[in-house]
Every structure is written in structure tokens, then in C-alpha cells.
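Novice: Predicted model and sequence follow; I will ask about them next.
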Amino acid sequence: MNFKIGFIGAGHMAKALIFGLVGSGAYDKRDMLIYDTDAVKLENYKQAGFKVASSELEVVTNATFVFLAVRPADLVSVLRKISPVVTVGNVLVSVAAGVSISFIKKFTRPECKVVRIMPNTASQLCLGATALSYDMPVTYSELTAVREMLENIGVVEILPEERMNEVISLNSSSPVYVYMLARAMIDGAKNQGIDEDTARRLAVQTILGAAHMLDSSNEDISKMISDVCTPNGTTIKAVDYLEKRGFEQALADAMLTCTKRANLIEKEIEN
């Protein structure tokens, strides 16, 4: 096979993976072959120096690790097209939310090698968080190759497949929660007379700093919260208000809603 990595689908998540892998320095544009039904997207990749294919079949017959980065609703059509040319030399890496490994095998063949991943868009900056599951007959060396590939663009955790719908709410959809937090902080600052540019810089740096503090500390998060809250001070008043308004419970409920939707997608597709 001429290419190490192939992409079927070139949307926002594929873009994050593609540019993250190249940006990490571990892969060259010449290592990849890309196809999308959107001719404009494909032309943009071609103009950026990537090799593009004329069909899904061309990707599968010329790439070892084939990322299936299409919408779940479009996956069946793609699998039916590529099924005749999938071989033991291919490893299909599915990015489709709510689509099981067994479902992919049903539309290809039982011995098909499938790795299921759930990344996030920060992969584009090599700061991604990816959950991964797999099934036989994926070999140890193939699994290691996929894991090392993804570790070039962030943190990778291997999970049992029965947790792959749940993890979407934790790492894949969750950047939006942070964006919403940032927007609320900026808007709150603007309402108090702070200009937007200053508010954005301070909010972003505060979120970055807090994330680094979490990453560098082994302390319980509740202890970290209490350490910042001086008795009868300003922070404790804010925390009390957030708790009364159900801030953490609302987030937990949102995550559960996300998982319920993933489970529903799986039922819609598989039925």
C-alpha cells in the first residue's frame, strides 16, 4: 500500500486529526490520502499539498490505516462501497459517534479489523483527548500503531467498547462546555465595564492556568476548590451562588443528555 493513513471524510474532526498529525511532525502530507464527497473540501486539501483520491475505494486500496470520518448517517453507504476491497491489510479506524464495531463488521466482513475512537478538535493543536476501543482480530502491533499515532496529537485512553458512547460527553463534546464557560465569563466581565478584548485574554489565560493546575496536582479537586475559597471572601460567595443554581448538576445532566443521544443514534443506525 502506498499510504500509511487514509481518510474517508474530511469534515471538522477529520481536519483536526489530519492537521494535528502533520503538525506533530510525526507524519508528512505524503503519508496521507484523503477523500470526501465535497469537491470543494477536497480541492482545498489538494491546494494545501495533500494527496487526494477520486473515491472511497481508492483510499482503502492504497492506505493501511483508514479513518472513517463521516457522519453516522452516511456510514452505511460508505461501508457498502468499500466492503469488496477491504482486506486483512486494512485497519478501519472509525470516528463515527454511536456506531459499534460489530455494526461496521456487519457491513464489511466478520474478520475486518476495526478500531473505534472518539477524539476531540483540540487534536489539531496536538492537545487532544482521545478514547479508543478495539476488537479482534486487530493485532497488538496494529493497536500500538494506532495508539502511537494518536499520542502524537494528545492523550489516549483505551476503554471497553461499552463505554464509548458515554465517553463522548467527557472528552469529545466537552470542549463546547469550556467555550460556553469562557463566553459567560467574558460577557459577565463586559456587563461590569471591562472591555471585551481584555476580558477574553484574562478569561482564556485563567482557564489555561486552571487546567495546568489540575494537570500538575494530585490533590482532590474538592480540596483545590476549598483552598481558593477564603472564609467569607469573594470566591466562596461565587461558589455558594453557583451551587445554589445547580451549576455542577446542570453539567452532569448535560453530559447524560449527550450520552442518551449517542445511544439513540446507535439504535437508529442499527435498526
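Specialist: Here it is on my side, so go on. The model shown is predicted, which means the values in this text are computed figures rather than measured ones.
Novice: How much space separates Lys4 from Leu214?
Specialist: Lys4 is 35 Å from Leu214, where distance means C-beta to C-beta, to the nearest Å. All C-beta spots, glycine's among them, are computed from the backbone N, C-alpha and C.
Novice: The two: which has the busier surroundings?
Specialist: Lys4 (17 against 11; other C-beta atoms under 10 Å).
Novice: would you list every one of the helices in the stretch 51-200 of the chain?
Specialist: Applying DSSP state H, counting those that start in this stretch to the stretch 51-200 of the chain gives helices spanning 56-62, 72-82, 101-106, 140-151, 175-191, 196-216.
Novice: what about these, which gets the closest to Leu17?
Specialist: helix 140-151 (8.3 Å; C-beta to C-beta).
Novice: Count the residues that sit near the nearest residue to Phe19 once chain neighbours are set aside.
Specialist: Nearest residue to Phe19, sequence neighbours excluded (C-beta to C-beta, 6 or more residues apart in numbering): Gln124, at 5.0 Å. Number of residues near Gln124 (other C-beta under 10 Å) recorded here: 22.
Novice: Test for you: state the pLDDT assigned to Gln124.
Specialist: Predicted confidence (pLDDT) for Gln124: 97.
Novice: what's the spacing between it and Ala131?
Specialist: 17 Å.
Novice: Same check on Glu270?
Specialist: Taken as C-beta to C-beta, the span from Glu270 to Ala131 is 20 Å.
Novice: and those two? which has more neighbours close in?
Specialist: Ala131 (23 against 13).
Novice: Can you list the buried residues in stretch 59-72?
Specialist: 59-70, 72 (16 or more other C-beta atoms under 10 Å).
Novice: same question but for stretch 94-109, I mixed them up
Specialist: Of the residues in stretch 94-109, 94-101, 103-105, 107-108 count as buried by neighbour count, 16+ other C-beta under 10 Å.
Novice: who's in contact with it?
Specialist: Stretch 94-109 is contacted from outside by 9, 13-14, 17, 67-72, 75-76, 79-80, 82-83, 86, 92, 112, 114-119, 133-135, 161, 165, 168, 172, 262-266, 269-270, using C-beta atoms under 8 Å, 6 or more residues apart in numbering.
Novice: quick one: that stretch to chain centroid distance?
Specialist: Remark: stretch 94-109 is offset 17 Å from the chain centroid, using C-alpha atoms, centre = their mean, to the nearest Å.
Novice: And for stretch 35-50?
Specialist: 21 Å.
Novice: Now do that stretch: distance from first to last residue.
Specialist: End-to-end distance of stretch 35-50 (C-alpha to C-alpha, to the nearest Å): 10 Å.
Novice: what's the answer for stretch 80-96, then?
Specialist: 16 Å.
Novice: tell me which residues of that stretch are tucked away?
Specialist: Neighbour counts over stretch 80-96 (16+ other C-beta under 10 Å) mark Ile82, Val86, Asn90, Val91, Leu92, Val93, Ser94, Val95, Ala96 as buried.
Novice: could those residues go into a markdown table alongside distance to Thr206?
Specialist: Output for the buried residues of stretch 80-96, formatted as a markdown table (distance: C-beta to C-beta, whole Å):
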| residue | distance to Thr206 |
| --- | --- |
| Ile82 | 46 |
| Val86 | 48 |
| Asn90 | 45 |
| Val91 | 41 |
| Leu92 | 41 |
| Val93 | 36 |
| Ser94 | 36 |
| Val95 | 31 |
| Ala96 | 35 |
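Novice: wait, doesn't Ile18 sit right on Phe7?
Specialist: Yes. Using C-beta atoms under 8 Å, Ile18 is in contact with Phe7, at 6.3 Å.
Novice: Compare the two (neighbour count), which wins?
Specialist: The neighbour count for Ile18 versus Phe7, taken as other C-beta under 10 Å, is higher for Phe7 (31 against 24).
Novice: Which of the three states applies to the residue lying farthest from the centre of the chain?
Specialist: In the chain, the greatest distance from the average C-alpha position (C-alpha atoms, centre = their mean) is reached by Asn232, at 40.8 Å. Recorded secondary structure, Asn232: coil (DSSP: H, G, I helix; E, B strand; the rest coil).
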